[in-house]
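Peer 1: Sequence plus predicted model, see below.
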Amino acid sequence: MYLKGYVPPEQLRLRKIALSTVSICDGPSRLPPAMFQNLQSLSIEWCKSDGSLFTYDVAQCLCQLNSLHLMYCPLLERIVEASNKKTVLPKLKRLHLEELPMLYYESATFDIVCPELEEFFVRSCPKFSASSSDFHSRKQVRFSWYVSVSKTLLDLSYELMW
């Protein structure tokens, strides 16, 4: 992803971004945080970034984000870098995590609050063990967790009311 010319962040109207084959040099954390303040949908596939996808500062600007889909990011360990502060994604309704073998969950470092979360989908994220209740949603959450069981997929979908 290359940016040609400069547009002040307050004039940007980014609503949807779909990135494929992203490397650490040009991922979202390398852009000015204010660019993301109007972003509503973000889909990232084949990201080569290791560590965290977003810095804490960028995550704080994702206040309009309602859909986040991360897929085939083999080195990604965290969605948001570790911080002593909570990250609140106030409008996030859909979170899809697929084929993220290094993504992990630790209650001490995973502090993302999504009060509007409605759909939480996880497939092939063996180190990620968070549940929908960890996001502190006020909504009924449709939680889908797919795991590989001898070359077949086992669907562990259920709905939770919190």
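Peer 2: Received it, and whenever you're ready, just let me know what you need.
Peer 1: in this structure, which spans are strands?
Peer 2: Ranges of strands in the chain, per DSSP state E, are 16-20, 41-45, 51-54, 67-71, 76-80, 87-88, 94-98, 112-113, 119-123, 140-149, 152-155, 158-161.
Peer 1: Show me what the mean pLDDT comes to for the last one.
Peer 2: Read that as strand 158-161. Averaging pLDDT along strand 158-161 yields 45.
Peer 1: The fourth one too?
Peer 2: Here the mean pLDDT over strand 67-71 is 93, rounded to a whole number.
Peer 1: Next: the first one.
Peer 2: Per-residue pLDDT values across strand 16-20 average out to 56.
Peer 1: which non-adjacent residue is nearest V141?
Peer 2: Excluding its sequence neighbours, the residue lying closest to V141 (CB to CB, 6 or more residues apart in numbering) is S132, at 3.9 Å. From N, CA and C alone the C-beta is placed, and that goes for glycine too.
Peer 1: Counting neighbours, what do you get for P126?
Peer 2: For P126, the count of nearby residues is 12 (other CB atoms under 10 Å).
Peer 1: thinking it is in contact with P101, fair?
Peer 2: Yes: look at P126 against P101 with CB atoms under 8 Å: they come within range, at 6.2 Å.
Peer 1: and Y105, which of the strands of the chain is closest to it?
Peer 2: Of all the strands of the chain, it is strand 76-80 that lies closest to Y105, at 9.2 Å by CB to CB.
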